[in-house]
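Colleague: mind looking at a prediction? Sequence and model below.
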Amino acid sequence: MTRTAAPIGIGVVGCGHVTSTRHLPALAVVPDAKLVAFADRDRSRLAELGELYGGAALYPDVHDLLADRRVDVVAVCVPAASHAEVVLATLDAGVPVLVEKPLALALDDAEAMATRAEDTGTPALVGFNLRWHRHVQRAAETLRGGELGELELVRSITTSPKRHRADIPARAGDREHGGGALIEAAVHHYDLWRYLTGAEVEEVSVITRSRLADDDAATISARLSSGALVSAVFCDGTSSVSGITLFGSEGSVDVSFLRFDGLTRQHATAVPGRPSTRAAGALRAVRELRPGLRARRSGGEFLASYRAEWEHFLDAVRADTPPGCTLEDGVEALRIALAAAESAETGRPVAVDEAPRTIRARVQ
């Protein structure tokens, strides 16, 4: 669609870590977005943003923000347990909404939001930003174009030094609040498994380690409705690695979410150590240098996916079309998370359609 000169006014509810480190830097480089209002019950955080965004209104209550006529779109970045309250109010006000993941911690809340979005016809998107990562987009094209043949296996990994960071809130380590590697980090992959493969997750089997917080580390095995298998590892207390690999009968595609040259395709008969294979990898890195430098100037590949997500959503709002990641997608990712948490607690495989309807506290 053709962009107009008039910017879209963005109101942000929840002014914590994700807002300041992800959404605000991304929105700063989206040309047709303008931050016009913030809402947060923490007045000190509001004051900090007021100093940075002098023209933005500051509200202690979301309903005051929704009454601001300059607000065209709302970003909901409050803790997951409060998503339903804010999202339902926003949808009832007829304001398009981008809500951070996970959509909720209970299926009743998630389904209520999805139903309200459908009933009101208001554009609503779940913030699975990795769908708009440029390497993920290309991997999706490769898979759907049939280049990999029949999908056999999916491998996922996300590790980070989150445990060592002082700016992460304590609830980020509590499973019942949506924290820990099994929920907070892995939910991106639960969505990607569905998005990339077009299949549903039928069953999960989980082992976790909870040394300093809930689910410091987790391993997940899963079975997809297509018959393909999934193997995944997540950890909140080590160096940063994040990506996904798709293995098909004709070859594989490997994606790193953090590297500018983080997309590698390999035919099933290729030998990684051969000079020709390594030379192809070097040429690929050279080709990726220019777009990689462009992404680096705006914060790197991961942050660039937030910008692409926002550009996609604002295009959908302008065109009044459904966004590419609906609240129903958020419901399905939550179902997988609920099954994963239950498997971690019981030590047995759990079918996704038999999972509990809410995330419970880990039994010590």
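Modeller: Yep, that arrived. None of the values given here were measured: they were computed from a predicted structure.
Colleague: after the lowest-mean-pLDDT helix or strand in the chain, next one along is what?
Modeller: Within the chain, judged by mean pLDDT, DSSP states H and E, the helix or strand with the poorest mean is helix 275-297; its value is a mean of 65. Moving toward the C-terminus from helix 275-297, the first helix or strand encountered (DSSP states H and E) is helix 301-319.
Colleague: buried residues in that following helix, which are they?
Modeller: Residues of helix 301-319 classed as buried under the neighbour-count rule (16 or more other Cβ atoms under 10 Å) are 301-314, 316-318. Every residue, glycine included, has its C-beta placed from N, CA and C.
Colleague: most centrally placed residue in this protein?
Modeller: Closest residue to the average C-alpha location of the chain: residue 128 at 2.7 Å, with Cα atoms, centre = their mean.
Colleague: and it, what does it touch?
Modeller: Contact partners of residue 128, counting by Cβ atoms under 8 Å, 6 or more residues apart in numbering, are 101, 188, 191-192, 195, 325, 329-330, 333.
Colleague: which element is residue 337 on?
Modeller: Short version: residue 337 belongs to helix 327-346, going by DSSP H and E.
Colleague: which strands and helices sit next to that helix?
Modeller: With contacts defined as 3 or more Cβ pairs under 8 Å, 6 or more residues apart in numbering; DSSP states H and E, the secondary structure elements packing on helix 327-346 are helix 107-120, strand 124-126, helix 187-197, strand 201-209, strand 217-224, strand 350-351.
Colleague: in the sheet, which strands lie alongside the fourth one, parallel or antiparallel?
Modeller: The sheet places strand 201-209 alongside strand 217-224 (antiparallel), strand 350-351 (antiparallel), with pairing taken from DSSP bridges.
Colleague: looking at these, which is buried most?
Modeller: Each of the strands paired with strand 201-209 was given a mean neighbour count from mean count of other Cβ atoms under 10 Å, and the largest, a mean of 21, is that of strand 217-224.
Colleague: the inter-axis angle of that one versus helix 187-197?
Modeller: With axes from the mean of the first three to the mean of the last three Cα atoms, to 10 degrees as the criterion, the two stretches strand 217-224 and helix 187-197 enclose an angle of 20 degrees.
Colleague: what sits up against strand 217-224?
Modeller: Applying Cβ under 8 Å, 6+ apart, the set of residues contacting strand 217-224 from outside is 154, 156, 180-182, 186, 193, 197, 199-209, 229-237, 336, 340, 344.
Colleague: how about 7 Å then?
Modeller: 181-182, 186, 193, 197, 199-209, 229-235, 340, 344 (Cβ atoms under 7 Å, 6 or more residues apart in numbering).
Colleague: please apply the same query to stretch 54-71.
Modeller: 9, 11, 13, 35-39, 41, 43, 46, 50, 86, 89-90, 93, 95.
Colleague: kindly report the same for stretch 112-119.
Modeller: 84, 87-88, 91, 103-104, 124, 327-328, 331.
Colleague: out of these, which is nearest to residue 356?
Modeller: Lowest distance from residue 356 to the contacts of stretch 112-119 (Cβ to Cβ) belongs to residue 104, with 13.3 Å.
Colleague: my guess is the closest one is in a helix, correct?
Modeller: No. With DSSP: H, G, I helix; E, B strand; the rest coil as the criterion, residue 104 is coil rather than part of a helix.
Colleague: and residue 50, what does it touch?
Modeller: Contacts here follow Cβ under 7 Å, 6+ apart; on that basis residue 50 touches residue 58.
Colleague: any low-confidence regions in the protein?
Modeller: Across the chain, the stretches falling below the confidence threshold (pLDDT under 70) are 1-5, 163-171, 276-286, 288-289, 291-298.
Colleague: look up how far residue 202 lies from the nearest residue to residue 205 once chain neighbours are set aside.
Modeller: Closest residue in space to residue 205, ignoring its immediate chain neighbours: residue 349 at 4.2 Å, by Cβ to Cβ, 6 or more residues apart in numbering. Distance from residue 349 to residue 202, counting by Cβ to Cβ, to the nearest Å: 10 Å.
Colleague: and what of residue 269?
Modeller: 31 Å.
Colleague: now do residue 364
Modeller: Where residue 202 is concerned, residue 364 sits at a distance of 30 Å (Cβ to Cβ).
Colleague: between those two, who's got more neighbours?
Modeller: residue 202 (16 against 5; other Cβ atoms under 10 Å).
Colleague: isn't that one right up against residue 225?
Modeller: Yes. The pair formed by residue 202 and residue 225 meets the contact definition of Cβ atoms under 7 Å, at 5.5 Å.
Colleague: now do the contacts for residue 250.
Modeller: Listed by Cβ under 7 Å, 6+ apart, the contact set of residue 250 reads 147-149, 268.
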